[in-house]
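A.B. asks: got a sequence here, can you model it:
(2 chains)
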Protein chains: 2
Amino acid sequence: MDDMHPSEQAMGEAIKIAEGAESSGNYPVGSIVIGGRMTVIGAGFTELHSQPDPTAHAEILALRRACKAVNSRYLPGYFLYTTLEPCPMCTSAAIWAKVEGIVYGASLEDAFDFAGRSGSDHSWRRINIKSSYVVARGAPVLTLHERFMRDECLKLV
Amino acid sequence: MDDMHPSEQAMGEAIKIAEGAESSGNYPVGSIVIGGRMTVIGAGFTELHSQPDPTAHAEILALRRACKAVNSRYLPGYFLYTTLEPCPMCTSAAIWAKVEGIVYGASLEDAFDFAGRSGSDHSWRRINIKSSYVVARGAPVLTLHERFMRDECLKLV
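C.D. replies: You can find the predicted model right below:
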């Protein structure tokens, strides 16, 4: 099953989810949890501007919805796709959920660059820890695909 | 207000919450969010065995409930108390919530020691990153009180 990943089709789905965020006034970050046969079991965009919940990042919402869908807190064999590098909260949640791997598009550095250029406060990205750092200190160590379809994901911000 | 913290009364409340976890078959970790005049606005124990949600750590539940209570994703002036050192997911969530500070009891090393002695898998504690590491890389930097009432908190596990 791992041969499927990273998959352009899967990241395309995450990008579509991200595009839906803007109409609701939320940050254009999209995430999906996808299994064998390319079945999406959970999806979400960042809902920080829709509900008073500091944990409402796209990845957390996708993971929680996926777990609810399969009625388990573990997601072995599933991959988390996300258009922006997951923060330590979201990377850790993926480790706790025992996903098979994570695929992300634009990077933490891209987000910092954007925040610097735009003068935006982007306070949701001010923990300076790479996803790879967290993954490396988690057990078991997940598969991590970095900067996959980065150019397409960068167009979102 | 910071003069109040760390507070034995507040950690006592978190310990009481943790004690309630065992009857529901959950890990005895308790957390509260507490503000001025020692008002608790959110509390929780780890509910990993009650619901299919890998993010259902005591700290996340306490933070989400506190945010709901004040209808904001930010908790300035509030402290998060937790009986066990928060993992990177929970520490990051506290940073995103902009709490004033974190006070924890037993440490990550204590949890690893316990897991090693008991042969328990304690898979919820297998990310080897200290809370202080995450706090130091977050902006703004929160106040962190470590190993406060550690002996009392160790009695829980």
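
A.B. asks: check contacts around the spatially most central residue of chain A.
C.D. replies: Per CA atoms, centre = their mean, the C-alpha nearest to the average position across chain A is that of A:Thr82, at 3.0 Å. Residues counted as contacts of A:Thr82 (CB atoms under 8 Å, 6 or more residues apart in numbering or on different chains) are A:14, A:29-32, A:58-59, A:62, A:90, A:102-105. Where C-beta positions appear, they are placed from N, C-alpha and C, glycine not excepted.

A.B. asks: what about the strands in chain A?
C.D. replies: Taking DSSP state E as the test, the strands found in chain A are A:30-34, A:40-45, A:79-84, A:101-106, A:143-145.

A.B. asks: now tabulate these in TSV and tack on mean pLDDT and distance to A:Arg137.
C.D. replies: What follows is the strands of chain A, written out as TSV (pLDDT from 0 to 100; distance: least, CB to CB, whole Å):
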stretch	mean pLDDT	distance to A:Arg137
strand A:30-34	98	22
strand A:40-45	97	25
strand A:79-84	98	18
strand A:101-106	98	14
strand A:143-145	98	12
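
A.B. asks: and the gap between the residue lying closest to the residue nearest to the centre of chain A once chain neighbours are set aside and chain B?
C.D. replies: Spatially, and ignoring its direct neighbours in sequence, A:Thr82 is nearest to A:Ser31 (4.1 Å; CB to CB, 6 or more residues apart in numbering or on different chains). According to CB to the nearest CB, to the nearest Å, A:Ser31 and chain B sit 14 Å apart.

A.B. asks: can I assume A:Ser31 is in contact with A:Ile15?
C.D. replies: No: if you go by CB atoms under 8 Å, A:Ser31 and A:Ile15 don't touch, sitting 10.6 Å apart.

A.B. asks: now do the shared contacts for the two.
C.D. replies: Contacts common to A:Ser31 and A:Ile15, judged by CB under 8 Å, 6+ apart, are A:Thr83.

A.B. asks: residues in contact with A:Ile41?
C.D. replies: Per CB under 8 Å, 6+ apart, neighbours of A:Ile41: A:33-35, A:65-66, A:69-70, A:78.

A.B. asks: separation between it and A:Asn26?
C.D. replies: 22 Å (CB to CB, to the nearest Å).

A.B. asks: what do you get for A:Cys153?
C.D. replies: 16 Å.

A.B. asks: that older thread, looking at A:Ser31 and A:Ile15, which one has more neighbours?
C.D. replies: Shown here are A:Ser31 and A:Ile15; by other CB atoms under 10 Å in any protein chain shown, A:Ser31 has more neighbours (32 against 20).

A.B. asks: what sits against the more buried one?
C.D. replies: Going by CB under 8 Å, 6+ apart, the list of residues near A:Ser31 reads A:14, A:17, A:43-45, A:57-59, A:61-63, A:80-83.
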